[in-house]
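*Asks:* The sequence isn't on hand, but the structure is:
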Ligand code: ADP
């Protein structure tokens, strides 16, 4: 079943001669628990796609459906709850707060959602441990390496019951080893049921995804075909001879 669907989504900015069509009739269905990578040149609409999928902006036309619920039929408070509780955002300009430790940064979205401080810290520590940061939670961002900061930001995006991860260049500014470990973490989250859409410039990292979608001038121009499941291959195999 699709967890996230964009149906005929268009987004224009400006009017008249200055009008920019950032997205034009985008259709995208992302299966629950799958990882979709989005690639395309600068200015092709990748960030716009993420912000609209994350209900941070409204499409000019078309519909976004999350877990069967069209965003257009949700009240403002329903959408706010969705953003607080269900969607994890990893955006380049959304840094860790310098005055909070890694654990406190990861716990913050839970606390803002009303989870008690103690439970929030426990959940934050568990996610950090999953990401190989068990002994780094008490450190402040400026005491962490770039890769560790990136991991803490991923932890903040997937902590709690979050089930949709939207990430813009999660491996940006990382070397290839750290970039791969970030993709591996996202893939592990997907195997636990999180649905993820990840924008990346790096074809090597995109190859970790279940499907790669290519976008140009606001349109999806191509996508990779998901590899067949082992079950499907067996179903197609000729019956063994006796
Ligand atoms: P990408 O993430 O692929 O670099 P964007 O989604 O940021 O592309 O942008 C797609 C197009 O929409 C670009 O032409 C960009 O200039 C334009 N755009 C994006 N956001 C805005 C905005 N807030 N106001 C006006 N134009 C915008």
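*Replies:* Received it, and whenever you're ready, just let me know what you need. Everything numeric here is computed off the predicted structure, so don't read it as measured data.

*Asks:* for the ligand, what are the nearby residues on this protein?
*Replies:* Applying C-beta under 6 Å from any ligand atom, we find that the chain lies next to the ligand at 13, 14, 20, 22, 40, 42, 43, 44, 45, 46, 47, 48. Using the backbone N, CA and C atoms, a C-beta is placed for each residue, glycine as well.

*Asks:* what do you get if the cut-off is 5 Å, keeping everything else the same?
*Replies:* Contacts of the chain with the ligand, taken as C-beta under 5 Å from any ligand atom, map to 13, 20, 22, 42, 43, 44, 45, 46, 47, 48.

*Asks:* quick check, nearest of the residues you listed to residue 180?
*Replies:* Checking the residues of the chain next to the ligand against residue 180 by C-beta to C-beta gives residue 46 as the nearest, at 20.6 Å.

*Asks:* For the closest one, give me its contacts.
*Replies:* 38, 39, 40, 168, 199, 215 (C-beta atoms under 8 Å, 6 or more residues apart in numbering).

*Asks:* that's a helix at residue 4, yeah?
*Replies:* No. Residue 4 sits outside any helix when classified using DSSP: H, G, I helix; E, B strand; the rest coil, being strand.

*Asks:* gap between it and residue 191?
*Replies:* 17 Å (C-beta to C-beta, to the nearest Å).

*Asks:* How about residue 161?
*Replies:* Relative to residue 191, and taking C-beta to C-beta, residue 161 is found at 17 Å.

*Asks:* about what we covered before: could you work out the most separated pair of the residues of the chain next to the ligand?
*Replies:* 13 and 42 (15.8 Å).

*Asks:* more neighbours, these two?
*Replies:* Set residue 13 next to residue 42 and count neighbours by other C-beta atoms under 10 Å: residue 13 wins out with 12 against 7.

*Asks:* who touches that one in this structure?
*Replies:* Residues in contact with residue 13, defined by C-beta under 8 Å, 6+ apart, are 19, 20, 22.

*Asks:* Excluding chain neighbours, what is closest to residue 208?
*Replies:* Using C-beta to C-beta, 6 or more residues apart in numbering and skipping the chain neighbours, the partner closest in space to residue 208 is residue 183 (4.4 Å).

*Asks:* Could you verify that that neighbour is part of a helix?
*Replies:* Yes. Using three-state DSSP, the assignment for residue 183 is a helix.

*Asks:* what's residue 120 in contact with, if anything?
*Replies:* Neighbouring residues of residue 120 by C-beta under 8 Å, 6+ apart: 107, 108, 110, 111.

*Asks:* Could you pull up the residues touching the second one?
*Replies:* Counting by C-beta under 8 Å, 6+ apart, residue 108 touches 97, 100, 120, 156.

*Asks:* Likewise for residue 209?
*Replies:* Applying C-beta under 8 Å, 6+ apart, we find residue 209 in contact with 35, 36, 37, 198.

*Asks:* And the closest residue to it other than its chain neighbours, how far from the ligand?
*Replies:* Distances taken as C-beta to C-beta, 6+ apart place residue 37 nearest to residue 209, at 3.7 Å, with adjacent residues excluded. Separation of residue 37 from the ligand (C-beta to the nearest ligand atom, to the nearest Å): 13 Å.

*Asks:* gap between the two ends of stretch 168-180?
*Replies:* Start and end residues of stretch 168-180 are separated by 15 Å (C-alpha to C-alpha, to the nearest Å).

*Asks:* same check, this time on stretch 209-219
*Replies:* End-to-end for stretch 209-219, by C-alpha to C-alpha: 20 Å.

*Asks:* So for it, what gets flagged as buried?
*Replies:* Of all the residues in stretch 209-219, those buried under the rule 16 or more other C-beta atoms under 10 Å are 209, 210, 211, 212, 213, 214, 215, 218, 219.

*Asks:* Quick check: the second one vs residue 164, distance?
*Replies:* Right, the one you point to is residue 210. 15 Å.
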